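Student: quick one, what's the 3D model for this:
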Amino acid sequence: MPYNWQTRNEYERTTREVADEIAAAVRAEGRDAADEDCVNTELQSWCDNLVTYTVDCFRILLFSENDQAVMDTIGDPTALVLDGQVNYPLMAYRAVEQDIREYLYSRLPQSCGGAIEDDTFWPDVATAADE
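Tutor: Residues are numbered from 1 along each chain as shown. The predicted structure is shown next:
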């Protein structure tokens with residue numbers, strides 16, 4: 001079922017909720033298992049889900065501040081066309097991925113590419129250096 005966002009605020013709320021869920025999944029993985037690959041796997045799964053319906057792709061491109069992200073990541077304008085059609089899912093995927101990453105950065109530990117010190121993110125787990 002499409003997300004059917006009607007406003008930028010609804011879209012942003014969804015991307016922040018997704019970022020929070022990814023951060024929670026990273027925390028659940030634990031300090032030793034969590035890394036950028038863990039983040040990327042979770043992020044890919046969510047982005048795949050968010051661009052399932054064409055109407056959602058259009059709304060992502062309408063509401064995202066990163067609607068040009070596809071050019072930043074692939075750089076080849078010919079990739080924007082697939083079988084003679086504009087590749088809206090690719091454009092939307094890259095835009096929503098960047099939107100989530102920007103918010104997610106403030107929710108993740110440095111060991112996963114985020115801004116939070118690891119000891120703050122995982123305060124209950126002692127590191128080898130602490131022992």
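Student: for the rest of this, base every contact and every neighbour count on C-alpha atoms.
Tutor: OK.
Student: and the closest residue to residue 38 other than its chain neighbours, how many neighbours?
Tutor: Among residues not flanking residue 38 along the chain, residue 26 sits closest, at 6.8 Å (CA to CA, 6 or more residues apart in numbering). By other CA atoms under 10 Å, the residues close to residue 26 number 21.
Student: was I right to think residue 26 contacts residue 37?
Tutor: No: with contacts counted by CA atoms under 8 Å, residue 26 stays clear of residue 37, the gap being 10.1 Å.
Student: this protein: helices as residue ranges?
Tutor: 8-29, 36-50, 54-63, 69-73, 88-104, 118-121 (DSSP state H).
Student: buried deepest among those helices, which one?
Tutor: Among those, ranked by average contacts under mean count of other CA atoms under 10 Å, first place goes to helix 88-104 (a mean of 22).
Student: pass me the low-pLDDT residue ranges in the chain, would you?
Tutor: The chain contains residues with pLDDT under 70 at 75, 124-131.
Student: for residue 83, phi and psi?
Tutor: When quoted as degrees, to the nearest 10, the phi and psi of residue 83 stand at phi 50, psi 40.
Student: brilliant, that's me finished.
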